[in-house]
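Peer 1: Next comes the sequence, and after it the predicted model I'd like to discuss.
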Amino acid sequence: MDDSGRLSLVTREGGRSMRHSRFRFVSLGVVSVLLLAACGGGGTSGSPAASCKTFKVGLVTDVGKLSDKSFNANAWKGVQDAQADSSLCVQAHFIESNQPTDYQKNIQTFVDQKYDMVVTVGFLLGDDTLAAAKANPGVKMAIVDFAYDSPPPNLVGLVFKEDQAGFLAGALAGLMTKSGTIAGVYGLKIPPVEKYRVGYENGAKYTNPSVKTLGIYQPPSGAKSFNDPDWGKARALDFFGQGADIVFGAGGNTGNGALLAAVQQNKQCVGVDVDQFVSYPDADPCLITSAEKHIAVAVKTAIADAVKAQWPSSGLLVFEAKNGGVGISAYHNFDGKISADIKAKIQDILKKLADGSLQTGYTAS
Amino acid sequence: MIAALQSLHLTELGYLTLLAATPLTLAALGGLMCERSGVVNIALEGIMLTGAFVGYAAALATHNLWLGVLAAMLAGMAIAALHAALSISLLVDQIVSGTVINILAVGITGVYYRTYIQETSTVGPGILPTWHIPLLDRLPFLGQIFFQGQAITWAMLLLIVVVHVVLFHTVWGLRTRACGEHPLAADTVGINVYLVRYVNVIASGALAGLGGAYFSLQEIGNFLPNITGGRGFIALAAMIFGRWTPAGAFLASLLFAGADAVGARIQGFHNIPYQFLGMLPYVLTIVVVAGAMGRSIAPAAVGRPYKKQ
C-alpha cells in the first residue's frame, strides 16, 4: 500500500509547520497517525484443492478487527470453515479496517482483484457494501448484520434475531442477580446492538419483574467504536458502584472491557456473539453465559449458497431461535451454581421463542 | 440531602476520573520534562503505545506483571533515546522526529501483535493487583478514591511531586529550565546542554512508557492495536493547558478525564441525545483551548535544535 507517498507528505508538512502554533503540531500528529493507520492489515489462509474451480472470497472487517475475539473473529471463522470444506474450493483473504473511511477502499481492493465474493462484517459497512454491490453486479456480496429493503440480486444480508439471544441471557441474569440490579455496556446504538439490549432487559423483567436495569451505549467514536475496552471497563465499574451485580458486555472490545471489570470486582458477566468462555479466557471467572448469534454458521451458509448456485433471491437470510441461528452458551464454571430449576426455565423460554409463543418485545424503530 | 448526594455516586465518579487521568498525567509529566529542557515531544503517543505493547509482551513472557511494568518503562526510554539522538545530535526537526516515532510505533506494535500475539487464545498476564491502605481506605469518599487502588495510579500521584521537586527545587531542574529557555547562555556558564537534554528526553520516555503500561497491565490485561487511542495527544494538550507545570498538567488531565466520566453519566438522562456525550470532551477542549490558552507560554527555546558554536 502507498504508505511511502503519505510519509513524505507528512514529513514535509511537519518540517514546514515547525514555527507555527503548538496546536498545529498536535493536530498534525493526530492526522499523520490516522493517515498511516488507514491502511489495514491483511492476511490469507489455506489453499484450495487443485481439482476444482477456485472460488475466491474476501472478508472486510469493521474497525473492531479480528482481534475482537467475537464478532469479526467469528465471521472469519465462518470463511475458514467454508474453506475447510473441500467441496466448496474456497480460497480466502481478509482485510482489517482501521478507520471507518477504509471500508469502501477495502471492498474495492477485493473487487479489483477479481474476487468472486466479498463478505463484509457489520452494520457499519452497510452503505459501502450496497454501493459496491450495485457497481459490481458480477460480484456476490454478503453482509453480516444488515437487512436492505430491496437489495440488488447479488447482495444478501445475514441478519439475526439478537433480541432472542439477549432475552435468554437477560432471563438468566434476572434469575441470578442478588442485588436486583443488572447492567449492560453496549457498542454503538445500531439495530443489532439495540436488539441485544432490548432483549436482555425485557428477558430480565420477564423472569424478575422488579429488576432494575442500567445500561449505556458507546457514543460514535471513529476508530474506537466497538474498540475501547478502557472506556467499557470504566462504565461497568460505574454501574457496579450503583449496585449492579451482573453486566452484559455487548460491543466488541468495548464490551470486553466491561467483562474485565466484572472479573476484577468478583461480579458476574454475560458475553456476546460467541461463547466468550472459549474465545476470551480472561473473562472466564465471571461468565455465566454468552448471548450467541452463530455468525460463523451464517457466513458459511452464504458462501455455500453462492458456490452451489443456491443464492437466496430474497436478499435476506434470517437466523433465529427457530433455525438454531441464535441461543446462549453453556454455563461452564457456573454450571454447578445455576439450579436445575433455573436451567429448566431457560430451556422453556428457548422453546417458546423458537415456536413463536413468546415475543421479546423488540420492535424495529 | 445526603440521600440525593449518594444517588449521584460521586465516589465512583471521582475514582473513575482519577483512573482515566492516570495515563494522561504520566504522559504529560514526561512531555513537560522533555519540553522544559527545550525538546518538543509529540512522540508521547508513540512512546505510550510502545510501552503498552512491550510491557504486555514482557509480562506474557515472564509471567510477572512487575517485570512488564519495568519493561514498559525501559522500552519508553529506548524509543525516547531515539528521539533524543535524532533531534539533539542529528539536529532533525523535533516535530518530524516525533511524528516518525508515532508512525513507527503504530506499525511495529501492530505487526508484532498480529504476528505473535493475536492468534494465541490463552489467558493474558492479568492486571496489577488492587491494594488497600488499612484504615485510610474506610474514609468516606476519599478512602475509595485515593486509598484503594493500583500501583501505576499511586506512582502517578507520587511522580507529580517528584517531577515538581526536580524541576523547581534542584540544581538539575534549574539547568533543565535554563536549557529550555536559553541554551546558549546555559552553555556559556558550563552546562552540558546535550547531556541535560538527553537525560530529560529519556526520562520522559520512562514516564510515558509507564503511562502505556496503565492500559495493558493495569486496566485491560491485554494489548490491542492502537490501544492508547490518541491519549498521548490529549496529554500534550493537558501539558500545554497546565502551563508546563506538574500540578497544572495533573489538573488539566483531571478535567479531560472528568469530562469523560460525567459525559457517560449524561446518557442516563433521556432528554439529551446520546451523541452529545460523544461530543462533550471535544467541546470542552475547544472551550479550554480558546478560553484559557492565551496566557500559556512555552519554554522559549523549545523546538529549536541547539548547535554548539
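Peer 2: Looks like it came in fine. As the structure is a prediction and not an experimental result, all values here were calculated from the model.
Peer 1: Helices of the stretch 101-250 of chain A, start to end?
Peer 2: A:102-112, A:126-135, A:162-176, A:191-207, A:229-241 (DSSP state H, counting those that start in this stretch).
Peer 1: Which part of chain B gets nearest to chain A, residue-wise?
Peer 2: Relative to chain A, the nearest point of chain B is B:G278 (2.9 Å; C-beta to the nearest C-beta). Placement of C-beta: from N, CA and C, glycine included.
Peer 1: From A:Y217, how far off is that residue?
Peer 2: 10 Å (C-beta to C-beta, to the nearest Å).
Peer 1: now B:A151
Peer 2: Taken as C-beta to C-beta, the span from B:A151 to A:Y217 is 32 Å.
Peer 1: For those two, indicate the residue with more neighbours.
Peer 2: A:Y217 (23 against 19; other C-beta atoms under 10 Å in any protein chain shown).
Peer 1: returning to what we had before: tell me the contacts of the spatially closest residue to the residue of chain B closest to chain A that is not a sequence neighbour?
Peer 2: Counting by C-beta to C-beta, 6 or more residues apart in numbering or on different chains, the nearest residue to B:G278 once its immediate chain neighbours are dropped is A:P219, at 2.9 Å. With contacts defined as C-beta atoms under 8 Å, 6 or more residues apart in numbering or on different chains, A:P219 is in contact with A:188, B:267, B:274-275, B:277-279.
Peer 1: Selection in PyMOL covering whichever of the residues you listed are buried, please.
Peer 2: Restricted to buried positions by 16 or more other C-beta atoms under 10 Å in any protein chain shown, the PyMOL selection for the contacts of A:P219 reads:
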select buried, (chain A and resi 188) or (chain B and resi 267+274+277+278)
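Peer 1: which one of the contacts of A:P219 sits closest to B:A78?
Peer 2: B:G278 (35.7 Å; C-beta to C-beta).
Peer 1: so where does that closest one fall, helix or strand?
Peer 2: helix B:274-292 (DSSP states H and E).
Peer 1: gap between the helix or strand containing B:S253 and the chain center?
Peer 2: Element membership for B:S253 (DSSP H and E) is helix B:246-266. Remark: helix B:246-266 is offset 13 Å from the chain centroid, using C-alpha atoms, centre = their mean, to the nearest Å.
Peer 1: Can you give me the buried ones in it?
Peer 2: Buried-residue list, helix B:246-266, by 16+ other C-beta under 10 Å: B:246, B:248-250, B:252-265.
Peer 1: Return only those of those residues found close to chain A.
Peer 2: Residues of the buried residues of helix B:246-266 in contact with chain A (C-beta under 8 Å from any C-beta of the partner chain): B:260-261, B:264-265.
Peer 1: phi, psi of A:N74?
Peer 2: phi -80, psi -30 (degrees, to the nearest 10).
Peer 1: Wait, it touches A:I295, no?
Peer 2: Yes: applying C-beta atoms under 8 Å, one finds A:N74 in contact with A:I295, separated by 4.4 Å.
Peer 1: Quickly list what's touching both of these two.
Peer 2: With C-beta under 8 Å, 6+ apart as the test, A:N74 and A:I295 both reach A:273-274.
Peer 1: What helices and strands are in contact with the helix holding B:S253?
Peer 2: Helix B:246-266 sits against helix A:229-241, helix B:10-36, helix B:151-169, helix B:231-241, helix B:274-292, with contacts defined as 3 or more C-beta pairs under 8 Å, 6 or more residues apart in numbering or on different chains; DSSP states H and E.
Peer 1: quick one: contacts for the closest residue to A:I349 other than its chain neighbours?
Peer 2: Nearest residue to A:I349, sequence neighbours excluded (C-beta to C-beta, 6+ apart): A:A171, at 5.3 Å. Neighbour list for A:A171: A:203-204, A:206-207, A:345-346, A:349 [criterion: C-beta under 8 Å, 6+ apart].
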